[in-house]
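J.: Pasting the sequence and the predicted model now:
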Amino acid sequence: MGFASLSQPAEREFVFAITESYTNSEFFDLNDWHFVQKHVAGHLTSKKTNKVKFDADRVYKRVMLSVKSPDGRIIAYEATPYVTEYFTQEGKRHIFRKQVHDDFAEDDLFGGIPYGDYVTMVEYLAGLALLHKAFCEAAHNKFNRLELRNIISLFCSREDVVADLARYLDRSTQEASVMLNHITLTRDNYQSYLSVPRVAHPPFVQISDSQLLRSTAGCLNNPFQFLNHELKRTYPLDYSKAVNNREDRFRRMIFGFFTEDRFVRIPNEIRMSIDGRETDIDAVVFDKVTKSLGLFQLKWQDPFANSMQKRRSVISNLQKNALSWLDKVFTWVSRTDVKTTLNALQITRHSPAENTIGDVYFFVIGRHGIHFTGVEQDERAAWGSWPQLLAGAVRISKQETESDPIQHMHARLKHDAPRLRMERDGAPVLADFDLRFENFRVRHQSKTQ
């Protein structure tokens, strides 16, 4: 049985229904990410923005007063420095909340330009898009005949955009032009997107050699999806190198939960051969107090957005590799003596006095989503996503984890598995809807009849 059914009770009526086999496990990863956005991202974003406190009411009043419509079809406005700076800061906050804004380190180079400069460019353009959106909404409310869809996108001179980016980024016009190319759909790159399912909106679309269309949706929805795809297409070697750097970054992020001196944190992956089969352990944490040992498999998957094709690929690769890793490492731990285990995992190199291992905990951690509807996860490991770990750290006090932090992380992830969360809180329910068109009707009923 599939996750949904479609029936036709009448000639012009179609009924869409969720079946009992659909559990919406992905809902919980998304819910944890929203929790992080609300309780964590806001605190971290304040470090990226300046300390000036803006009066939002003053900003929007100024926007409403200054927007004009000379002929009833277009709008004109001139933003004051105060209004401009407000939206510049809002652009930084908006982009920081995007899940993939830190898919690469700021010093990863693409064509000789640090990724951090691309992030700064995207933040700046998001601020301009938010500013333009505010003036468009004000014009729509102020002038009855103006429709948002006719004014929300903006035609602009490519030369002017390049000059503005060069000024803001403190880059040469040649460098700014190259950077702009990576967020623009052009006659040179559009072919590569024809086969990409659910392609991201480009921030800019080339209209002619000298003219661009700036898409508000492209600047705000998730510009990194388009940007990263272009960087991968244009600089495959740089992209591969940056992807390889992710594991070390992810390992350090995991170690952020175990900062006290009581922990031995192995700063590199552990490669080993088990029965002639190669594998590695991405992160190792050992607690010198409780003797608990945490072994981590880290997965930094590319986000699949709304593409079911990419989703299937992510699930296939993730499950296959994680289960193979569990089989090998679980077997190795179960039949290897303590001394050999401590030496092989390099624990005695960092803490020579260790001669005992308590409980061993296995983790499979995904940088993005890790829980998928219809996919059973091996109970030998605790499975979790990075937002799930962050959300758990916010919800639980440090005192609750002090006795055995590794065991607590394992137990918390197990406790927060989607199946158990649904048993406690109930499964998420898709609201009923009824869409009526000229010649037919489509509706949803929450339970299969």
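T.: Happy to help now that I have it. As the structure is a prediction and not an experimental result, all values here were calculated from the model.
J.: what's around the closest residue to Val178 other than its chain neighbours, how many residues?
T.: Leaving aside its sequence neighbours, Val178 sits nearest to Gly111 (C-beta to C-beta, 6 or more residues apart in numbering; 6.5 Å). C-betas here are computed from N, CA, C, even on glycine. Gly111 is flanked by 13 other residues according to other C-beta atoms under 10 Å.
J.: what sits against Gly111?
T.: Gly111 sits next to Val178, Thr234, Tyr235, Asp238 when contact means C-beta atoms under 8 Å, 6 or more residues apart in numbering.
J.: Which per-residue confidence value corresponds to it?
T.: The model reports Gly111 with a pLDDT of 95.
J.: So it versus Met64, what's the distance?
T.: For Gly111, the distance to Met64 equals 42 Å [C-beta to C-beta, to the nearest Å].
J.: And the protein, what are its domain boundaries?
T.: Listed domain ranges for the chain are 54-234, 246-425 (source: automatic domain parsing).
J.: among those, which is nearest His34?
T.: domain 246-425 (8.6 Å; C-beta to C-beta).
J.: Over to the closest one now: how far is its first residue from its last?
T.: Chord length of domain 246-425, first to last residue, is 35 Å (C-alpha to C-alpha, to the nearest Å).
J.: For it, the averaged confidence score.
T.: For domain 246-425, the per-residue pLDDT averages 88.
J.: Please name every helix or strand in contact with the helix or strand hosting Asn321.
T.: Counting by DSSP states H and E, the element that carries Asn321 is helix 308-335. Judged by 3 or more C-beta pairs under 8 Å, 6 or more residues apart in numbering; DSSP states H and E, helix 308-335 is in contact with strand 270-274, strand 277-281, strand 293-299, strand 360-366.
J.: out of these, which comes closest to Lys98?
T.: Lys98 lies closest to strand 360-366 among the helices and strands packed on helix 308-335, at 17.4 Å (C-beta to C-beta).
J.: sorry, back to before: mind putting the helices and strands packed on helix 308-335 into TSV with mean neighbour count and distance to His132?
T.: Formatted as TSV, the helices and strands packed on helix 308-335 follow (neighbours: other C-beta atoms under 10 Å; distance: least, C-beta to C-beta, whole Å):
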stretch	mean neighbour count	distance to His132
strand 270-274	13	51
strand 277-281	15	48
strand 293-299	23	38
strand 360-366	23	36
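J.: Pipe these into TSV and attach distance to His229 per row.
T.: Formatted as TSV, these follow (distance: least, C-beta to C-beta, whole Å):
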stretch	distance to His229
strand 270-274	31
strand 277-281	28
strand 293-299	20
strand 360-366	20
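J.: And the ones you listed: which comes nearest Pro70?
T.: Closest to Pro70 of the helices and strands packed on helix 308-335 is strand 360-366 (C-beta to C-beta; 52.2 Å).
J.: Name the residues of whatever helix or strand comes next after the closest one that come out as buried.
T.: Going down the chain from strand 360-366, the next helix or strand is strand 381-385, by DSSP H and E. Neighbour counts over strand 381-385 (16 or more other C-beta atoms under 10 Å) mark Ala381, Ala382, Trp383, Gly384, Ser385 as buried.
J.: what does strand 381-385 rub up against?
T.: 29, 32-33, 297, 322, 326, 361-371, 377, 409-411, 413-414, 416-417.
J.: For that strand, which strands pair with it and how are they oriented?
T.: Strand 381-385 has the following strand partners under DSSP bridges: strand 360-366 (parallel).
J.: Quick one: residues in contact with the partner strand.
T.: Applying C-beta under 8 Å, 6+ apart, the contact partners of strand 360-366 are 250, 254, 292-301, 318, 322, 325-326, 329-330, 333, 370, 377, 380-386, 389, 406-407, 409-410, 413.
J.: Output the below-cut-off pLDDT ranges for the stretch 1-150 of the chain.
T.: Low-confidence segments of the stretch 1-150 of the chain, defined by pLDDT under 70: 1-3, 19-23, 40-51, 99-101.
J.: what about 90?
T.: Applying pLDDT under 90 to the stretch 1-150 of the chain picks out residues 1-54, 70-74, 93-103, 143-149.
J.: if we can go back for a sec, buried among the contacts of strand 381-385? Make that a PyMOL selection.
T.: Entered in PyMOL, the line below selects the buried ones among the contacts of strand 381-385, by 16+ other C-beta under 10 Å:
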select buried, resi 29+32+33+297+322+326+361+362+363+364+365+366+367+368+369+370+371+377+409+410+413+416+417
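J.: Would you mind writing the CA trace of stretch 433-444 as CSV?
T.: Extracted in CSV, the C-alpha atoms of stretch 433-444 (Å, rounded to 0.1, in the frame of the first residue of the first chain):
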residue,chain,number,x,y,z
PHE,A,433,-9.1,20.9,1.9
ASP,A,434,-11.6,21.3,-0.9
LEU,A,435,-10.4,22.9,-4.2
ARG,A,436,-13.1,23.8,-6.7
PHE,A,437,-12.2,24.5,-10.3
GLU,A,438,-14.4,25.4,-13.2
ASN,A,439,-14.9,21.9,-14.4
PHE,A,440,-13.8,19.6,-11.6
ARG,A,441,-13.2,19.4,-7.8
VAL,A,442,-10.3,18.0,-5.7
ARG,A,443,-10.6,17.5,-2.0
HIS,A,444,-8.8,15.8,0.8
